[in-house]
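A.B. asks: Here's my sequence, what's the structure:
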Amino acid sequence: MKLQISLFVIFFFSLTIFSWASEEVMVEDAIEASEEIVDLDETILEESVDADQDKTPADVATEEKTEESVSEATTEEAPVQTGPFIDLLGPTLYSLEMVDETHAAMKEHYTNDALRGKKVVGLYFSADWCGPCVQFTPDLVLFYNKMNERKGKKDEFEIVWVSRCRDLDSYGQYFTHMNWLALPPQEAMGQRGQMLFEKYKIKGIPSLI
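C.D. replies: Okay, here's the model as predicted:
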C-alpha cells in the first residue's frame with residue numbers, strides 16, 4: 001500500500017513538472033515570436049523612412065497631384081440637365097472624331113452642351129442595311145456642310161442620327177460616313193429610338209425630320 005502511494009506521488013509530481021516545463025516552453029516561444037514581429041515592424045518602418053527621405057521634391061509634388069486628380073475624378077459628377085432636348089434625346093450624344101486616316105474615336109457630349117446655340121436640329125433615321133439610306137447619306141453630308149458654312153449662320157444647323165442599325169459594329173462603321181451627332185447606340189437601338197420612331201410616325205427610312 002505504501003509503495004502504491006509513493007508511486008502515485010512520484011507520478012503526480014512528474015506530471016506537474018512536465019506541465020510547468022511545457023508552459024515555460026510555450027511562454028518562451030511566444031516571447032521569441034513577439035520579438036521577431038517587433039524586429040520585422042522596425043525593419044519595415046526604417047525602410048519606409050529611408051524611402052521617404054530618398055524622395056525628391058518633384059516626386060512629392062507628383063504624388064500630391066496624382067492624389068488630387070484621383071480625388072477630383074472620384075467626386076466629379078455629371079451635371080444635372082433639364083429641358084426639351086433632354087426629354088427627347090437623353091443626357092448624352094456622340095460624335096465621331098477621326099484619329100488618323102483609318103481610325104476614328106467616339107466622343108461623348110452632354111446633350112445641352114452639344115446643342116447649345118443651334119437654331120435648327122433635325123433627326124435623321126437611317127441604317128447601314130438600308131440601300132436608299134446609304135445612297136442618301138452622302139448627299140445629306142453635303143447639305144449639312146453647306147448649311148453650316150452660310151455667312152452669319154455658321155454652325156447653327158445640327159443633325160442627330162437615330163440609328164436603326166442592328167448591332168454595334170454596323171453602327172460604328174456607318175457612323176464614319178457622317179459628321180454630325182448621334183444618339184448612343186444603346187439608346188437609338190433601344191426604347192428611346194423606338195419612342196422617337198413612333199412619336200414622329202416614321203413610315204420608312206431614310207427619314208429626316
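
A.B. asks: any low-confidence regions in this structure?
C.D. replies: The chain contains residues with pLDDT under 70 at 1-76.

A.B. asks: What segments of it are helices?
C.D. replies: 2-54, 57-75, 84-89, 111-114, 131-148, 168-175, 185-188, 191-199 (DSSP state H).

A.B. asks: hmm, who's touching the last one?
C.D. replies: I take that to be helix 191-199. For helix 191-199, contacts defined as Cβ atoms under 8 Å, 6 or more residues apart in numbering pick out 88-90, 123, 125, 162-164, 183, 187, 202. The C-beta positions use only the backbone N, C-alpha and C, and glycine is treated the same way.

A.B. asks: So which bits of that helix are buried?
C.D. replies: In terms of neighbour count (16 or more other Cβ atoms under 10 Å), helix 191-199 has its buried residues at 192-193, 196-197.

A.B. asks: How about stretch 175-188?
C.D. replies: The neighbour-count check on stretch 175-188 (16+ other Cβ under 10 Å) flags 175, 178, 180-185, 187-188 as buried.

A.B. asks: Switch those residues over to CSV; also include distance to residue 152.
C.D. replies: As requested, the buried residues of stretch 175-188 are exported to CSV (distance: Cβ to Cβ, whole Å):
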residue, distance to residue 152
175, 30
178, 25
180, 21
181, 23
182, 27
183, 30
184, 33
185, 35
187, 34
188, 33
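
A.B. asks: what's the closest of the residues you listed to residue 150?
C.D. replies: Comparing those against residue 150 with Cβ to Cβ places residue 180 closest, at 16.1 Å.

A.B. asks: What residues does the closest residue to that closest one other than its chain neighbours make contact with?
C.D. replies: Once flanking residues are discounted, residue 180 sits nearest to residue 159: 3.9 Å by Cβ to Cβ, 6 or more residues apart in numbering. Contact partners of residue 159, counting by Cβ under 8 Å, 6+ apart, are 121-124, 140, 144, 178, 180-181, 208.

A.B. asks: In strands, which of these appear?
C.D. replies: 121-124, 181, 208 (DSSP state E).

A.B. asks: quick one: which of the residues you listed is nearest to residue 113?
C.D. replies: residue 181 (11.1 Å).

A.B. asks: Surely the closest one and residue 97 touch.
C.D. replies: No. Look at residue 181 against residue 97 with Cβ atoms under 8 Å: they stay out of range, at 11.9 Å.

A.B. asks: Format the ones in strands among the contacts of residue 159 as JSON lines; extra columns: distance to residue 155.
C.D. replies: Listed next are the ones in strands among the contacts of residue 159 as JSON lines, based on distance: Cβ to Cβ, whole Å:
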{"residue": "121", "distance to residue 155": "12"}
{"residue": "122", "distance to residue 155": "14"}
{"residue": "123", "distance to residue 155": "18"}
{"residue": "124", "distance to residue 155": "17"}
{"residue": "181", "distance to residue 155": "12"}
{"residue": "208", "distance to residue 155": "18"}
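
A.B. asks: Give me the buried subset of the contacts of helix 191-199.
C.D. replies: Buried residues within the contacts of helix 191-199, counting neighbours by 16+ other Cβ under 10 Å: 89-90, 123, 125, 162-164, 183, 187, 202.
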